[in-house]
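Asker: Structure, please.
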Amino acid sequence: MSTKDFFKKIFSGLLIGNLLAMAVVVVLLFLGVKYGLEIYTHHGEGIKVPNIEGMLYTKARSLILEDGLNIVVADSGYNKRLPAHCVLAQNPGEGTMVKSGHTIYVTVNSPSSPTFAIPDIVDNSSYREAEAKLSAIGFRLLPPKYVVGEKDWVYGVMSRGHRLSAGDMVSIDVPLTLIVGSGQYDQNEDIDYVEPEYREVQPDIDEFEEVTEP
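Answerer: Sure thing, here's the model as predicted:
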């Protein structure tokens, strides 16, 4: 086969047509994948999340569903300044662009204040330690009541005139008072001193034998 015939076959119309057809198929495949993924993932579509914080959950749910989104109560909290069953927090937040069907997670205000157990702090911790533990839980502390005893040592916990014990369930809204030692002791307290008794021990003469000279 001559060189002329070889190039003639390579650049024949049939071969060029096949190459063009393959190129068109590749381009169409690329465009199909690109636009197919955009359609599948709703590319360019976005819904702005509304502000529902402070709104009653029933109203917030209706608003979210109308926008084509979902809503789920993820947690509950308590704020006595806000009405019960209102939304305290939302995630994602206001103004976030999301796709249709996205779920908005909310924290809803509880209708009653939560209760917590009193920790084991009586006769087991100092005033600073007890104050830190109770404050971390969320309790509000009134000024301490001082009694005769070791300075800054916790001798009790009171609420509304009643003594509390470790494990008692108390509402977070109820203020607590710690009974703390003042570091002073009662000067009028009678202290009995008992003198030790001394007794002279006499040797038992029967234990000794008389020694006589021969």
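
Asker: Can you show me the strands along the protein?
Answerer: In the chain, the strands defined using DSSP state E lie at 47-48, 70-77, 87-91, 97-98, 103-109, 115-117, 145-147, 154-159, 162-164, 169-171, 177-181.

Asker: Dump these to TSV, plus mean pLDDT, distance to Val25 and mean neighbour count.
Answerer: C-beta here means a position set from N, CA and C on the backbone, and glycine is covered the same way. Listed next are the strands of the chain as TSV, based on pLDDT from 0 to 100; distance: least, Cβ to Cβ, whole Å; neighbours: other Cβ atoms under 10 Å:
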stretch	mean pLDDT	distance to Val25	mean neighbour count
strand 47-48	92	37	14
strand 70-77	93	41	13
strand 87-91	95	46	18
strand 97-98	93	36	14
strand 103-109	96	41	19
strand 115-117	92	69	13
strand 145-147	94	88	14
strand 154-159	95	81	19
strand 162-164	93	81	13
strand 169-171	92	73	14
strand 177-181	95	82	20
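
Asker: Identify whichever of these lies nearest to Phe30.
Answerer: Comparison of the strands of the chain against Phe30 by Cβ to Cβ identifies strand 97-98 as nearest, at 27.8 Å.

Asker: Who does the closest one pair with, and is each partner parallel or antiparallel?
Answerer: Sheet pairing for strand 97-98, assigned by DSSP bridges, gives strand 47-48 (antiparallel).

Asker: List of residues touching the strand it pairs with?
Answerer: Outside strand 47-48, the residues within contact range by Cβ atoms under 8 Å, 6 or more residues apart in numbering are Asp67, Gly68, Leu69, Gly95, Thr96, Met97, Val98, Lys99, Ser100, His102.

Asker: switch the cut-off to 7 Å
Answerer: If you take Cβ atoms under 7 Å, 6 or more residues apart in numbering as the criterion, strand 47-48 is touched by Asp67, Gly68, Leu69, Gly95, Met97, Val98, Ser100.
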